[in-house]
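Chemist: need coordinates for the following:
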Amino acid sequence: MTETPSFKGEEPVRKEGAPEHGEHPRLQAIQELGTPAPPPRPEGGIHCLPIIGQVEEHMLLPPKAKTTKYEHIIPQLVAVEQNPNIKGLLVLLNTVGGDIEAGLAIAEMIRTLSKPKVSLILGGGHSIGGPIAVAADRSFIAGTASVTIHPIRLTGLVIGVPQTYEYLDKMQDRVVRFIVENSHIGEMRLRELMFRTGELVRDVGTVLIGADAVRVGLIDEIGGLAEAIQYLRRLIEDRERRSNPSQPAWMQPAPAPGPGSDPRAHPSTFPPPAAPWPGSPSPQMPPPHAQPYLQRMTPQIAPGPITLPDPDGPSTYGAGMRG
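Modeler: The predicted model follows:
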C-alpha cells in the first residue's frame, strides 16, 4: 500500500493493493508488472529454470492452479544469454503440460541458447513438457519420473469442418518434428506411441516411466540432480576450452620492453635495420623465441667442406671457394 499526503499529526493513508515498504523489489515487479527482474548472479555459474504445473496460454488460468507463465520464462532466458556470469542452464521439469504454442516458444528459446543447457525431469514431463525437455543439449529423467505422449487436444469452440482437422494435423506435425529433430526417436515410432490405444483409460497415448523413455530414444539418460549438474559442468568446461585454446610457447608474443630497459633484449620489438648486412638476420626472419621451434621443424645442413667424387682422386672444395 502506498502512502498519500496527509496533514500534520495524521496517520498516512495507504491505498489498497499497493506494496508495503518492506517488500522486496523483485516481488513487487512480479506482482505489479507480471515480469520478474533479471536472474541474480549465480554462485556456481549455473542458472536453474523450473517448469512446473501447467504451461499457461494467453488466457489466465484459475488462481489456485500452479502455472508456468511464458512472460516470466522468456525474459529470464534472454537475461541468461546476455549475462556473462551465467555459464550454463539447468531446466527442471515437473509439469502436466499446457499450451502448445507457449510450450514450443519456451522450447525454441532453450534450444537456440548458445550456452550449455541440461534438462532434468522430476515427477513428470507430460505433454508439451516433452519438447521442452529434449530442447536441451542433454536430457535426464529420474527413475520414478514419467512422460506422457498423446495427440494434441483442442478446447473451446470446435467447428465441424475439414479445415479444423487440417489445422490439428499441422499443429501435431510441429510438435512431432521438434521432438524428432532434438532427440533420438524416429517419427514412425513417436507417432505409434502417440496414437496407441488401450493404455490410457480416458485418452490416447503412452506413458513412459524412467528407463522406458530412455529405451525408445526420447530422453538421453537416467539420472538425478548430481548427474545433471556434473554433465552440465563438463559441457561448460569444454566450451571454455574451445573458446580459449592454449597456444604453444613459440606463438606467444614476446614481452614488451619496460621503461629504461635495453630494447636489444627484446628483438621482436627492436626495429630491424633498413639494409641488413651480411650474416645479420633479415626483417622477415621470425623472432628469436620462435627460432628453436622452426629449427626443429626445418632440416639443417651441417657447414663444412663438401667432398665430390673425382676420377683422378678425391677433390675437396671449401664452402664458398671457387674451383
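
Chemist: list the buried residues of stretch 47-64.
Modeler: His47, Leu49, Ile51, Ile52, Gly53, Gln54, Val55, Glu56, Glu57, Leu61 (16 or more other CB atoms under 10 Å). C-beta: built from backbone N, CA, C; applies to glycine.

Chemist: what's the span of it, first residue to last?
Modeler: 27 Å (CA to CA, to the nearest Å).

Chemist: with stretch 124-140 instead?
Modeler: 12 Å.

Chemist: in the protein, where is pLDDT below threshold?
Modeler: Where the chain drops to pLDDT under 70, the residues are 1-43, 245-323.

Chemist: would you map the helices across it?
Modeler: Taking DSSP state H as the test, the helices found in the chain are 25-33, 70-82, 100-111, 129-134, 162-181, 187-194, 211-215, 225-243, 291-297.

Chemist: Asn94 is nearest to which of those helices?
Modeler: Among the helices of the chain, the nearest to Asn94 by CB to CB is helix 129-134 (8.5 Å).

Chemist: what's the closest one packed up against?
Modeler: strand 46-55, strand 88-98, helix 100-111, strand 117-125, strand 146-149, helix 162-181 (3 or more CB pairs under 8 Å, 6 or more residues apart in numbering; DSSP states H and E).

Chemist: closest one to Gly217 among those?
Modeler: The nearest among these, by CB to CB, is helix 162-181 at 9.7 Å.

Chemist: let me know which of the helices and strands packed on helix 129-134 is tucked in deepest.
Modeler: strand 117-125 (a mean of 25; mean count of other CB atoms under 10 Å).

Chemist: what's the angle between that strand and helix 100-111?
Modeler: Counting by axes from the mean of the first three to the mean of the last three CA atoms, to 10 degrees, strand 117-125 lies at 150 degrees to helix 100-111.

Chemist: tell me the angle strand 117-125 makes with strand 88-98.
Modeler: The directions of strand 117-125 and strand 88-98 differ by 30 degrees, with the same axes, to 10 degrees as the criterion.

Chemist: any chance you could list what contacts strand 117-125?
Modeler: Here strand 117-125 makes contact (CB atoms under 8 Å, 6 or more residues apart in numbering) with 88-96, 110, 129, 132-142, 145-148, 213, 219, 223-225, 228-229, 231-232, 235.

Chemist: how about a cut-off of 7 Å?
Modeler: Contacts with strand 117-125, where a contact means CB atoms under 7 Å, 6 or more residues apart in numbering, come from 88-96, 110, 133, 136-142, 145-147, 225, 228, 231-232.
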